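# sequence? don't have it. structure:
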């Protein structure tokens, strides 16, 4: 069974997450359709960084404790109305640029 839901996983820097919350409006530009702006909403924010979910997480055993900004996955669902006419043209793996509306 396949759902016709479209979503994007955006990897934001942890320093960008302080004002991002579920439900916020998002503008999406797909590289395949540069003149079209799609709309969506922040659905959820991952509970940990990608490094924590990795099969082989990085191990900092060298004693070098350099602070590195982590990336956190944010799931963005696309508004079905803004996709009208593009449903069959959007495929998994496309690159996107997302802008979250901060209030």
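Looks like it arrived, so ask away. Note that this is a predicted model, so its numbers are computed, not measured. Numbering: from 1, shown residues only.

# Flag the helix or strand of this structure with the lowest per-element mean pLDDT.
helix 50-53 (a mean of 61; mean pLDDT, DSSP states H and E).

# what element comes up after it heading to the C-terminus?
Per DSSP states H and E, the first helix or strand lying C-terminal to helix 50-53 is strand 71-78.

# which parts of that next one are buried?
Within strand 71-78, the residues scored as buried using 16 or more other CB atoms under 10 Å are 71-76, 78. From N, CA and C alone the C-beta is placed, and that goes for glycine too.

# got it, and stretch 84-98?
Applying 16+ other CB under 10 Å to stretch 84-98 flags 96, 98 as buried.

# How about stretch 32-52?
38-42, 46, 49.

# one step back: pick out whichever of the buried residues of strand 71-78 sits closest to residue 5.
residue 78 (8.2 Å; CB to CB).

# Tell me what angle the helix or strand hosting residue 42 forms with strand 71-78.
Here residue 42 sits within strand 38-45, counting by DSSP H and E. On the basis of axes from the mean of the first three to the mean of the last three CA atoms, to 10 degrees, strand 38-45 is oriented at 130 degrees to strand 71-78.

# Could you tell me which ranges of this structure sit under the pLDDT cut-off?
1-3, 50-65 (pLDDT under 70).

# The same query, at a cut-off of 50, please.
1 (pLDDT under 50).

# In which helix or strand does residue 85 reside?
Here residue 85 is assigned to no helix or strand, by DSSP H and E.

# what sits against residue 49?
Contacts for residue 49 were tallied using CB atoms under 8 Å, 6 or more residues apart in numbering; they are 14, 70-72.

# ok, now with 10 Å
Residue 49 is in contact with 11, 14, 57, 69-73, counting by CB atoms under 10 Å, 6 or more residues apart in numbering.

# And for residue 17?
Contacts of residue 17 by CB under 10 Å, 6+ apart are 45, 72, 74, 100.
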